[in-house]
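Student: Kindly return the folded structure for what I paste below:
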Amino acid sequence: MKSLSFLLTAVVGVSATAVGGLKQRASNWTVGQTVQTANGPVAGHPASNQSDVSEYLGIPFAQPPIGDLRFAAPVKPTGNSSYNGTDFGPSCPVKLSNSTALNTTLLLAANVTEIALEIETIFGDQRGLYSEDCLYINVWTKPQTGDAMKAVLVWIYGGGFNSGASSYAGYNGANIVAQEDVIVVSFNYRLSILGFPGSPATTNNLAFLDQRLAVEWVRDNIANFGGDPSRITLFGQSAGAFSVDAYSYAWTSDPIAAGFISESGTVFSWGLPDTKAEAAAAWYNVSAAVGCGNSSSDAATVLACMRSTSYTTIMNAIPPANGVQSEILGYFGPTVDETVVFSNYSSKTPAKVPMIIGNNDYEGGLFRTEFAVEGEIFPDIFWDDFNLQEFTCPAGIRANASVSASNPTWRYRYFGVFPDTAISSEAGAYHSAELPILFDTAPSSPPATTEEIAIGNYMRGAWAAFAKDPVNGLTTYGWPSYSASNDSLIRLAYNNLTGTNAVNPSVYDANCIYVNVSNVDPNAYTAILGPSTTATSSGSSKPTGSATTTSSVATASSKFFQCQLKTAEENGDDSNSIRTLYIDRDPVTFKDISLHLQGYHVQPRDGGHFVKLFADAQFYSLPRLISQLYEENIFISIGNRDFQVPKDIFSDPGNSPNYFSLGFAVFFSSPTEVFPGLNRDGLLRPPSIVPPSVPNRSADIFQEILHLLRGYPLHIRNEDHRAELLRDVRYFHLKGLEQKLIRHSITYNLARRKDEITLRIEDVRQSGISIVSDPTPTPSSPAPPTSATEMHSGSSIPPNPVGYVHYARPFVDTKAYELVLEIGNECTKLHFQPPNHSPSPRSSHPSYPPLPLPTSTSPLHHILFPPLFSKSNNNKSRIHRRLQNTYKSPLRSHRHETQTTYNATARITDEERGREFSARESREYAA
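Tutor: Sure thing, here's the model as predicted:
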């Protein structure tokens with residue numbers, strides 16, 4: 001293809017299981033030291049991006065497949081030579097594109113980003129170095145960090161079996177090795193017609209035999225690199241995932257590997273494999289084009305001629321792609337031989353090896369971008385079916401087969417979308433989107449977000465945990481093992497968040513009954529979900545899922561229309577004359593309603609989908625769906641940008657209740673009403689409703705608020721930025737977050753040997769105040785509470801307090817600190833308004849009469865505990881008091897501490913208790 005062909009990649013890795021005890025080796029390893037292999041010593045060097053990782057590149061694991069070894073099974077190398085492992089070996093030959101420069105108009109129409117071109121550079125062959133002598137292997141290791149022999153991850157690249165190379169920068173294994181204390185191995189294998197020739201006169205599926213020989217090399221040599229040959233896990237993506245899966249069926253008696261990971265591909269994907277007849281037809285098509293004969297010629301003669309023809313001539317004779325499948329996969333690929341590749345995988349049992357299997361949420365996002373750049377546009381429904389047929393449903397079928405074989409199994413679905421990996425605005429979590437996150441090789445600009453870094457660490461940790469112990473590693477990591485009937489499908493990077501997020505597989509597998517998956521008996525679709533519910537399609541009834549249908553069905557649309565028929569009968573109307581309400585209803589939404597009625601969990605895709613579901617749920621009286629939607633994430637538009645806010649983000653008590661607490665419905669209807677104010681029976685079409693919107697708030701600020709609520713740090717650029725954050729935090733009533741954002745500092749006072757908190761006076765809240773007794777209190781002074789819990793209880797100010805003012809920010813601080821105030825200038829004017837004797841409209845605390853200012857106390861006392869104000873305009877009085885030369889400022893002009901006559905901090909004596917201070921309404925500053 002012309003563009004972005006870099007991303008049609010497959011990844012295979014090998015990692016190892018904890019089988020028996022770990023073997024020990026000497027730890028006197030130096031970076032880049034020479035390592036002995038079966039065919040000679042290999043010199044290494046420090047990896048360019050991880051200086052403490054040893055890198056060994058371009059080690060031959062097979063004899064060059066040239067001459068009579070072209071179109072033949074790989075052969076182990078012989079002899080003993082020294083190797084300088086400083087560079088990758090040549091890439092295996094591919095059919096090079098004849099395309100011209102990309103069309104700018106089409107790029108713009110496809111909404112392709114600049115990042116897409118960066119991704120192409122990272123996941124593409126920038127060297128242009130091709131040779132048939134290409135079967136080389138690479139090793140990244142860091143054994144000097146410990147004595148235990150390490151689990152091994154061997155990666156096999158992808159590219160639809162017609163492109164790819166282990167030298168792509170995006171597949172550099174150094175970062176995984178540095179972070180997870182494992183070994184990463186990668187290698188080349190033959191592609192296109194050289195890897196899958198299709199000739200009746202020779203062995204087929206040579207690429208898979210290359211992969212097997214590479215795994216055998218790892219088994220035989222990896223111990224000298226610090227690896228454990230008994231802990232090897234194969235992991236791969238796309239065509240590499242197909243390779244892993246095919247391997248699991250081909251070498252069941254001696255798999256070598258202790259674990260398998262298939263990312264976005266299985267033996268049930270892409271209409272593979274080809275039959276022998278299809279492969280032979282493709283072979284003879286090329287042989288005839290280069291003058292070596294056709295299907296009427298002697299097969300051995302044709303093969304000999306093809307071996308003597310230059311590989312560039314052969315590659316150039318391969319027909320150009322024609323159609324979606326040939327553009328993605330090419331004309332040469334896995335072929336049925338009933339030895340390595342089988343015609344009916346449904347009847348086969350995979351190796352007894354644990355497995356991770358998964359796919360990305362919108363695999364088609366890559367391909368639709370590729371085709372859009374070429375001016376080929378397909379409707380959304382095409383790509384929706386493509387995602388189901390080639391990825392989601394095959395993953396479910398294969399996971400079910402693994403469970404049936406009694407293999408420990410885990411299944412995931414990846415959702416991450418980040419600025420430095422987004423290839424277009426429509427691509428979403430596209431095919432291969434997880435690779436730069438997993439390998440930590442995304443473009444350096446824009447910089448990775450905090451969420452992206454966390455997810456990358458989490459995924460590498462999960463893959464390494466499985467590699468180190470495929471049987472129990474992920475269980476320890478917190479992943480539930482896969483079951484079609486339980487919440488066991490892990491949603492990686494869901495909402496770009498890190499952690500275990502597990503849902504029932506039926507959330508994504510329910511529609512598999514409507515698509516045709518290759519190489520599978522149709523009855524296998526139902527096995528994805530389990531046998532307990534029934535759905536009707538095209539007049540037939542099949543078991544399709546394990547969810548229950550007990551709550552909403554009896555009160556759904558049938559009840560509504562029965563009501564309409566009854567009304568027509570009572571009015572003497574002909575039932576045939578009744579118009580069907582909502583006849584122009586969105587059929588996609590109604591399809592989701594239908595799935596809900598069958599017992600499946602329907603997940604809103606976005607805000608628009610949510611409101612349609614909510615409207616239909618209310619109209620058709622579906623209490624279970626209404627209840628479910630109340631528990632969903634909050635879909636809302638802030639500053640004309642759509643957000644999906646998880647409800648558990650407000651788990652901190654200080655941040656709830658808040659603006660969002662009542663869920664979506666509060667924005668457009670009462671939970672007890674259906675379209676309030678409208679006569680439902682008279683409607684021919686639904687009212688226009690849209691997701692809730694808060695246009696007068698900043699979307700960027702709200703994004704930063706969500707970032708803070710998720711527990712991540714945020715750089716506050718300046719005080720204007722802080723003010724914007726505080727303004728919106730207060731608008732959304734997030735009290736706990738407000739306390740984290742107010743300007744403050746916590747320092748240690750060397751003179752008093754006490755921790756101090758410095759706050760602006762307007763940020764002080766009564767609920768955070770406590771008093772710690774003076775070392776020499778008056779005999780009548782009781783010991784006041786000092787803990788933050790007691791302080792926040794609302795009764796922490798004792799009668800006749802004598803001591804030092806301490807403060808802990810409500811909902812934030814777990815201990816109280818001595819309080820130092822920032823009050824502005826050297827001269828402060830305080831205005832106090834006497835209260836009435838009834839509670840304030842804004843407070844449930846009682847009011848107190850005004851008190852005289854005691855002369856025996858610090859003026860700071862009156863700043864912290866003035867008489868409670870009232871909104872009443874009656875009996876206003878003001879107390880003006882100048883605090884001249886009362887405070888010293890040893891640190892900065894706006895930080896004030898009392899003179900030594902007041903023991904360096906405020907000493908409090910007061911006859912009253914429980915007084916509330918409001919900075920907003922009881923104070924003004926003057927120079």
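
Student: mind listing what the nearest residue to Y731 once chain neighbours are set aside touches?
Tutor: Leaving aside its chain neighbours, Y731 sits nearest to R697 (6.6 Å; criterion: C-beta to C-beta, 6 or more residues apart in numbering). (C-beta placed from N, C-alpha, C; glycine too.) Listed by C-beta atoms under 8 Å, 6 or more residues apart in numbering, the contact set of R697 reads I638, G639, D728, Y731.

Student: which residues of the stretch 1-150 of the chain fall in strands?
Tutor: If DSSP state E, counting those that start in this stretch is used as the criterion, the strands of the stretch 1-150 of the chain fall at 35-37, 40-43, 45-46, 54-60, 83-84, 136-141, 150-156.

Student: Compile the ones you listed into CSV and extend it with columns for mean neighbour count.
Tutor: Formatted as CSV, the strands of the stretch 1-150 of the chain follow (neighbours: other C-beta atoms under 10 Å):
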stretch, mean neighbour count
strand 35-37, 19
strand 40-43, 16
strand 45-46, 15
strand 54-60, 23
strand 83-84, 16
strand 136-141, 27
strand 150-156, 31
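
Student: can you put those in JSON lines and add mean pLDDT?
Tutor: Formatted as JSON lines, the strands of the stretch 1-150 of the chain follow (pLDDT from 0 to 100):
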{"stretch": "strand 35-37", "mean pLDDT": "95"}
{"stretch": "strand 40-43", "mean pLDDT": "95"}
{"stretch": "strand 45-46", "mean pLDDT": "94"}
{"stretch": "strand 54-60", "mean pLDDT": "96"}
{"stretch": "strand 83-84", "mean pLDDT": "93"}
{"stretch": "strand 136-141", "mean pLDDT": "97"}
{"stretch": "strand 150-156", "mean pLDDT": "95"}
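
Student: Any chance of TSV for these, columns distance to F342?
Tutor: Formatted as TSV, the entries for these read as follows, by distance: least, C-beta to C-beta, whole Å:
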stretch	distance to F342
strand 35-37	34
strand 40-43	37
strand 45-46	43
strand 54-60	31
strand 83-84	37
strand 136-141	27
strand 150-156	20
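
Student: per-domain residue ranges of the protein.
Tutor: 5-503, 548-696, 702-736, 743-927 (automatic domain parsing).

Student: Check which residues of the third one are buried.
Tutor: In this case it means domain 702-736. Going by neighbour count (16 or more other C-beta atoms under 10 Å), the buried part of domain 702-736 is 702, 704-706, 708-710, 724-726, 728-729, 732, 734-736.

Student: Now the terminal residues of it, how far apart.
Tutor: Using C-alpha to C-alpha, to the nearest Å, the end-to-end distance of domain 702-736 comes out at 16 Å.

Student: where do the strands sit along the stretch 601-750 of the chain?
Tutor: Assignment of strands within the stretch 601-750 of the chain using DSSP E, counting those that start in this stretch yields the ranges 634-638, 641-645, 693-694, 744-749.

Student: lowest-confidence stretch among the ones you listed?
Tutor: Ranked on mean pLDDT, the bottom entry among the strands of the stretch 601-750 of the chain is strand 693-694, at a mean of 80.

Student: list the helices and strands the helix ranked longest in the chain packs on?
Tutor: Of all the elements of type helix in the chain, the one with the most residues (DSSP state H) is helix 450-468. Helix 450-468 is packed against strand 150-156, helix 174-180, strand 227-237, strand 259-263, helix 435-438, helix 473-477, strand 489-492, with contacts defined by 3 or more C-beta pairs under 8 Å, 6 or more residues apart in numbering; DSSP states H and E.

Student: buried residues in it?
Tutor: Within helix 450-468, the residues that count as buried by 16+ other C-beta under 10 Å are 450-456, 458-460, 462-468.

Student: cool, and stretch 813-822?
Tutor: Of the residues in stretch 813-822, those buried (16+ other C-beta under 10 Å) are D813, A816, Y817, E818, L819, V820, L821, E822.

Student: any chance you could map the helices in the stretch 351-500 of the chain?
Tutor: Counting by DSSP state H, counting those that start in this stretch, the stretch 351-500 of the chain forms helices over residues 364-373, 380-387, 393-404, 435-438, 450-468, 473-477, given from the N-terminal end onward.
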